[in-house]
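# model this:
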Amino acid sequence: MTQDATPEDAPERGRLDDLIESVTDAFYAVDRDWRFVVFNRAAEEFFGLPREEMLGRGLWEVFPDGRERPFGQACFGAMERGEVHQMESPSAFRPGRVVELRVGPLRAGGVAVALRDVTERAQAQQRMREAEEHLRLMVLELNHRVKNNLATVQAIAVQTLRGAESPAEAREAFLRRITALAAAHDILTREQWEGVGVAEIAEGVLHALDGAGQRVKLDGPVLRLSPRAALSLSMAFHELGTNALKYGALSRPGGAVRLAWRCAGDPGMLEVDWEERGGPPVTPPASRGFGSRLLERGLAAELRGEVRMSFEPEGLRCAIRAPMEAAAA
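This is a model prediction of the structure:
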């Protein structure tokens, strides 16, 4: 393993050789001229180089790129100033592996290097850092969603109370709207808040309205919405469904609703159409209620698009247009 020892120090050198061979870390040492004088079995296994070929060779001959790396700076610091360095870095000799290096001076002159493969530990630490960062972002996102939800509930409460004729009516309307919001949240939670299809949102909200789910025909491709767009559309579908049950097509046995959506144009636009047929004759309302304001102002602002309500005699029609970049997951 080492160069020949003199008879005087042979017993001590033999014990030292045995000790170096017993360690599991790769270990090697170079003399003042940067030539290998020690190269243990673990180093042979790590580098895949036999010690017979290594002893006497120059360090920078074997590792020509080492001079310019932190490893080289540590070696020169140990050789010239007696410094001890410990570092963790990608292995230049074995791509994809991470090594922990300990570089220090030899008492008789030269440099000793011990290294171990810590790839698994480094990967575990990286996963831990990524998990901590993911958790931090989740907490921030949760805080953001809670604030948004509280603002939404506050707006629903204020607008419901403002437009209600009696406390009982306000209570019923408020509970229905909160139920619609909760249904959308349940669907998004099931999808891990990574987006949800238009059909899933429509079905979840409309089935929560007694008598609406079975009488609304859904027609459209698979389009996944962002959580923000899904929540906005869920409230819109709730208001449209509620209005249809009380005053529109779904207030009569023969009435029906068609809810269609598609992606059209370039750049892509989300187009959603709510069309009622078979209900009582429709006339434009004298004033806008909470539902109309939510659709024409709130939904349009949330989706950066436009919402048009057409009070046609044969039935209400609501046309929603928004850029896909603002609505898609």
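# mind checking what helix or strand follows the helix or strand Arg102 falls within in sequence?
The secondary structure element spanning Arg102 is strand 98-105 (assigned by DSSP states H and E). Of the helices and strands lying after strand 98-105 in sequence (DSSP H and E), the nearest is strand 111-117.
# in the sheet, who's paired with Ala114?
Phe27, Arg102 (DSSP bridges).
# that one: neighbour count?
A total of 20 residues lie near Ala114 under the criterion other C-beta atoms under 10 Å. Bear in mind the C-beta positions are built from the backbone N, C-alpha and C, glycine included.
# quick one on the thing from earlier: neighbouring contacts of the strand holding Arg102?
With contact meaning C-beta atoms under 8 Å, 6 or more residues apart in numbering, strand 98-105 is reached by 71, 74-75, 77-79, 82-91, 111-119, 121-123.
# give me the pLDDT for the residue nearest to the spatial centre of the chain.
In the chain, the C-alpha closest to the average C-alpha coordinate belongs to His134, at a distance of 7.0 Å (C-alpha atoms, centre = their mean). At His134, the model reports a pLDDT of 88.
# what helix or strand does it sit in?
Counting by DSSP H and E, the secondary-structure element that holds His134 is helix 119-163.
# next SSE downstream of that helix?
Per DSSP H and E, the first helix or strand lying C-terminal to helix 119-163 is helix 167-190.
# identify each buried residue in that next one, please.
Neighbour counts using 16 or more other C-beta atoms under 10 Å place 170, 173-174, 176-177, 180-181, 183-185, 187-188 of helix 167-190 among the buried residues.
# likewise stretch 303-315?
Along stretch 303-315, these residues count as buried under the neighbour rule (16+ other C-beta under 10 Å): 303, 305, 307, 309, 315.
# pLDDT, distance to Val198 and secondary structure for these - can I get that in TSV?
Rendered in TSV, the data for the buried residues of stretch 303-315 read as follows (pLDDT from 0 to 100; distance: C-beta to C-beta, whole Å; DSSP: H, G, I helix; E, B strand; the rest coil):
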residue	pLDDT	distance to Val198	secondary structure
Leu303	82	12	helix
Gly305	85	14	coil
Val307	89	15	strand
Met309	87	19	strand
Gly315	91	21	strand
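# in CSV: the buried residues of helix 167-190, plus distance to Gly278.
Converted to CSV, the buried residues of helix 167-190 look like this (distance: C-beta to C-beta, whole Å):
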residue, distance to Gly278
Ala170, 30
Ala173, 25
Phe174, 30
Arg176, 23
Arg177, 26
Ala180, 24
Leu181, 29
Ala183, 26
Ala184, 28
His185, 33
Ile187, 29
Leu188, 33
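# export the residues you listed to a markdown table and append columns for pLDDT and distance to Ala229.
Conversion of these to a markdown table gives the following (pLDDT from 0 to 100; distance: C-beta to C-beta, whole Å):
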| residue | pLDDT | distance to Ala229 |
| --- | --- | --- |
| Ala170 | 73 | 28 |
| Ala173 | 74 | 24 |
| Phe174 | 76 | 24 |
| Arg176 | 77 | 21 |
| Arg177 | 78 | 18 |
| Ala180 | 77 | 15 |
| Leu181 | 76 | 14 |
| Ala183 | 78 | 16 |
| Ala184 | 77 | 11 |
| His185 | 76 | 14 |
| Ile187 | 77 | 13 |
| Leu188 | 76 | 11 |
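# from the residues you listed, pick the one nearest Leu19.
Checking the buried residues of helix 167-190 against Leu19 with C-beta to C-beta, the nearest one is Leu188 at 62.4 Å.
# wouldn't that closest one be in contact with Pro227 here?
Yes. In this structure, Leu188 is within contact of Pro227 by C-beta atoms under 8 Å, at 5.3 Å.
# between the two, which contacts overlap?
With contacts taken as C-beta under 8 Å, 6+ apart, Leu188 and Pro227 have Val196 as neighbours in common.
# one step back: give the rounded mean pLDDT of the strand holding Arg102.
For strand 98-105, the mean per-residue pLDDT is 93.
# now list the buried members of the contacts of strand 98-105.
Buried by 16+ other C-beta under 10 Å: 71, 74-75, 77-79, 85, 91, 111-118, 122, out of the contacts of strand 98-105.
# tell me the contacts of Ala43?
Applying C-beta under 8 Å, 6+ apart to Ala43 gives the contacts 26-28, 49, 51, 54.
# adding pLDDT, neighbour count and distance to Gly104, write the residues you listed out as TSV.
Formatted as TSV, the contacts of Ala43 follow (pLDDT from 0 to 100; neighbours: other C-beta atoms under 10 Å; distance: C-beta to C-beta, whole Å):
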residue	pLDDT	neighbour count	distance to Gly104
Ala26	92	21	15
Phe27	94	23	11
Tyr28	94	26	12
Leu49	90	16	22
Arg51	90	17	21
Met54	92	20	20
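# just name the closest of those residues to Ala286, please.
Ranked by distance to Ala286 (C-beta to C-beta), those are led by Ala26 at 86.7 Å.
# Ala112 versus the closest one, what's the distance?
Relative to Ala112, Ala26 is positioned 12 Å away (criterion: C-beta to C-beta, to the nearest Å).
# same thing with Arg252?
Here Arg252 is placed at a distance of 92 Å from Ala112 (C-beta to C-beta).
# same thing with Gly104?
When C-beta to C-beta is the yardstick, Gly104 and Ala112 sit 6 Å from each other.
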